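Chemist: Got a sequence here, can you model it:
(chains A and B)
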Amino acid sequence: MSTGAVGRAHPRLEGREKVTGTARYAVEYPVDGVTYGWAVPAAVVRGRITRVDTDEALASPGVLAVLHHGNAPRLAQGPERELWLLQEPAAHYRGQFVAVVVATSLEAAREGARLVRIDYDAGPHSTVLAADHPGLYKPEHVNPSYPTDTAEGDFDAGYAAAPVRVDVTYRTPAYHNNPMEPHATTAQWHDGRLVVHDSNQGPVAVQATLAELFELPQESVRVITEHVGGGFGSKGYTKAAVVLAALAARHVDRPVKLALTRQQLFGPIGYRTPTIQRVRLAADAHGRLTAICHDAISQTSTIREFAEQTAVYTRSMYAAPHRRTTHRLVRLDVPTPFWMRAPGECPGAYALESAMDELAIAVGVDPVELRIRNDAQVDPDQGEPFTSRNLVACLREGAQRFGWTGRDPTPRARRDGRWLIGTGVAGSSYPARARPSSAAATARPDGTFLVRIDATDIGTGARTALWQVAADALGVPPERVEIRIGDSDLPVAPLAGGSMGTASWSWAVIRACEALRGKLREGASPDTEVSAEADTTDEVGGQPTRPRYAYGAQFVEVRVDADTGEVRVNRLLGVFAAGRVVNPTTARSQLIGGMTMGLSMALHEEGLLDERYGDWVNHDLATYHITGCADVEAVEAYWLDERDDELNPAGVKGIGEIGIVGTAAAVASAVHHATGVRIRDLPIRLDKLIGVSGLA
Amino acid sequence: MRDGPENETTTDERHSSRVAFEVNGDRRELTLDNRTTLLDALREHLGLTGAKKGCDHGQCGSCTVLLDGRRAKSCLVFTVTVDGRSVVTVEGLAGPDDLSPLQAAFVAHDAFQCGYCTPGQLCSARGMLDEVARGWPSAVTDDLDSPPELTDAEIRERMAGNLCRCAAYPHIVAAIRETATAP
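Modeler: Model (predicted):
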């Protein structure tokens, strides 16, 4: 007996706190006797630390301690080498944290960090990703656990025999997540127990890794993650800030606040790897694909293997009898890449969806129609039918809303004064996963209910969505439900990542609410508190493996200044099929945010590597450009009313990542349509366009 | 274990100053390290953590406050320079009873997701609307002889100094537009 809370637009529950400045983030809790930590990054690409001179720093007023490999508390060597911080006299990449200064004020800590002198015995290094790098190898699997290569049919023969062929190579640069709140932690030790207020996307993993590193029982570590100022993947796992803060707090025996600087977010916390992607498509004269090959190259560091699953998108997106995908990786003397919004799918879709646009032109078929002709209702990779796949419906509805019909495919056919106008489209997909979770529900004597789960709201609206789900599952008006999240003392739940938060958490919330209602039906007295817990481990684990994906289609109109090459996006429109939408208000915001980050990827963002130092030249927000308010003119997000009963009890697919997936390809195709110039290495900077003769 | 237990004082008297200024209508007096930015004074000394530190270099706008009524990036202001001046932070935007119309519009339009840039967006918007009322032109103002009209393009341009990685921009513009045109 749903009360209709799910599906109803509702402002986010913490809205008032966020607009009054009372929502507290990781280093904003008042703490008595607090001190300040400042991380010190390595100044060489690779080398042994031969000497740490802390004299000057320690003599600086307010400095309490300088931690480094020679004096820091010992950590257990867990599986994550990145987190074994201040334990060895070595730097594995420039920017890796090799010391921490603790002081009584932020000013003193910063000054102390400046005064720490570290000598290195620097070694030779290799920092540039190249398609012919001698160190390229085939990883055992790609993130998180996909096969590295796949093949079906005979790609080479199928490709050679086809009448229409496209063979193109795309490049994407390093992209940096840049959540507005940096990675930040307040760490406190009380009687051997560690309490951290930390900015992350998954307190459970942070609790587990801290317990492992500091050799504590898990219950001796508490992680509080009430409000998080964005993550976009970069806070999806335990990162340096929380480990350094905990080390420092133990060392000085006082609470420590430690926030990374903006500059320190470029590298040590992860970034989207640069990619080099060769895509080959072959089709018959009607545009039906006969052969698809996607070969992806990316980088990792020397201390951790992170293999971006760039070509995985291509395995299930379009059908063809002959298919092949490969991933090759090279270990460079650079920071370790990590998750950034739709790792794999995002750069991979840029390449495949761009190649589809090039194929549409080669074969003379409209790019929307080309995708419809190559739709697959059976997963080409797994050979099983998708639980639901509404890519075609997204393309059709998007085309109708956008006014695509009747588009003249001729490049440079539309002009408005000095502006060249073009339109582009791309398909999108993202896996709809769920992970085991637990949750608890309590009925109180006053007729209200409390639902508890260690979910994390990084800005997605998770708190509000779970509250709506709980109200429906309890069959009561939402006003009678209180939701509590973001604390490792609450029932264990998976991270906010992989677009699987709401699917996983709502599953456990619904089961806990059902169990509570069962108890109340069986006569449990609501005169005292009645509670029920649920754990979905068995149910999620027992779910049949079926291909489950969300789909979408992005449409873009750009204008390009014929004289300067400046690209402006007039309009960005997306239609998505992502199962049930719990809260239209927050869902729309997420989809708009994802698409805008795709616009940013296509036109603005680019980590420029200085190969001498293995570090990014543009490591702040003045030089690493992200899309700003003036860059965004019109973004529209719509969704289909999609019902899929083979997902999870709430019927949701996840919406955090699908928005970004195809957007960059749609922008790049629109720029080609406007100008006749195909830019195959992102971002599409104006100098790449004006360098082409005859643009004006 | 402490390496420098006697090293408790942040700074000596030669490097600190007494500063008195008004914050959200209240007079505050502090003795501060001369290096302390207004942002750090608010956050670490006055417990006003509404203003956010996103970059500490004046590049993101998360720390925007109103200084003598005009928007300022508080991470670029040394507190010793605000002696005798007036600061309004996000904590001072609401009325005694309820949210200001701008704050209410931000909630209603979902003009934020993670909320970290929001205090800066709100203070910036408040200051920006005042700039428009004073007739200040922006880079996209065509007619410099008449009072500027608050079009969406004007709002976008004037709010371009406040980054939002969640990209709530269309909703921020809608919330500001609604507030500006409300009767």
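Chemist: Span of stretch A:190-203 from start to end?
Modeler: For stretch A:190-203, the first-to-last residue distance is 19 Å (C-alpha to C-alpha, to the nearest Å).
Chemist: Looking at that stretch now, give me its mean pLDDT.
Modeler: For stretch A:190-203, the mean pLDDT works out to 97.
Chemist: in chain B, which ranges drop under the pLDDT threshold?
Modeler: Applying pLDDT under 70 to chain B picks out residues B:1-13, B:183.
Chemist: What is the neighbour count of residue A:236?
Modeler: Residue A:236 is flanked by 23 other residues according to other C-beta atoms under 10 Å in any protein chain shown. Bear in mind the C-beta positions are built from the backbone N, C-alpha and C, glycine included.
Chemist: and it, which of the three is it?
Modeler: coil (DSSP: H, G, I helix; E, B strand; the rest coil).
Chemist: residues contacting it?
Modeler: By C-beta atoms under 8 Å, 6 or more residues apart in numbering or on different chains, the contact list for residue A:236 reads A:200-202, A:338-339, A:495-497.
Chemist: what do you get for residue B:20?
Modeler: Contacts for residue B:20 (C-beta under 8 Å, 6+ apart) come out as B:27-30, B:83-84.
Chemist: ditto for residue B:37
Modeler: Contacts for residue B:37 (C-beta under 8 Å, 6+ apart) come out as B:56, B:74-79.
Chemist: between those residues, which is nearest chain A?
Modeler: Of all the contacts of residue B:37, residue B:56 has the smallest distance to chain A: 6.5 Å, by C-beta to the nearest C-beta.
Chemist: Give the burial count for that closest one, as a bare number.
Modeler: Residue B:56 has 23 nearby residues by other C-beta under 10 Å.
Chemist: likewise residue A:405?
Modeler: Other residues lying near residue A:405 total 9 when counted by other C-beta under 10 Å.
Chemist: Give me the distance between it and residue A:425.
Modeler: Per C-beta to C-beta, to the nearest Å, residue A:405 is found 12 Å from residue A:425.
Chemist: show me where the stretch 551-696 of chain A has helices.
Modeler: A:584-603, A:658-661, A:663-675, A:686-690 (DSSP state H, counting those that start in this stretch).
Chemist: anything in the shortest one near chain B?
Modeler: No - with C-beta under 8 Å from any C-beta of the partner chain as the measure, helix A:658-661 is seen stopping short of chain B, the closest distance being 9.5 Å.
Chemist: Which elements pack onto that helix?
Modeler: On a contact count with 3 or more C-beta pairs under 8 Å, 6 or more residues apart in numbering or on different chains; DSSP states H and E, helix A:658-661 meets helix A:345-363, strand A:419-431, strand A:549-561, strand A:567-577, helix A:584-603.
Chemist: Using neighbour counts, give me the buried entries of the contacts of residue B:20.
Modeler: residue B:28 (16 or more other C-beta atoms under 10 Å in any protein chain shown).
Chemist: now the contacts of residue B:20 as JSON lines including secondary structure and distance to residue A:567?
Modeler: Listed next are these as JSON lines, based on DSSP: H, G, I helix; E, B strand; the rest coil; distance: C-beta to C-beta, whole Å:
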{"residue": "B:27", "secondary structure": "strand", "distance to residue A:567": "51"}
{"residue": "B:28", "secondary structure": "strand", "distance to residue A:567": "48"}
{"residue": "B:29", "secondary structure": "strand", "distance to residue A:567": "52"}
{"residue": "B:30", "secondary structure": "strand", "distance to residue A:567": "48"}
{"residue": "B:83", "secondary structure": "coil", "distance to residue A:567": "47"}
{"residue": "B:84", "secondary structure": "coil", "distance to residue A:567": "47"}
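Chemist: Taking the contacts of residue A:236 together, which two end up most distant?
Modeler: A:338 and A:496 (15.0 Å; C-beta to C-beta).
Chemist: Can you give the domain ranges for chain A?
Modeler: For chain A, automatic domain parsing gives the domain ranges A:15-23+A:435-541, A:35-124+A:179-261, A:141-174+A:271-432+A:546-690.
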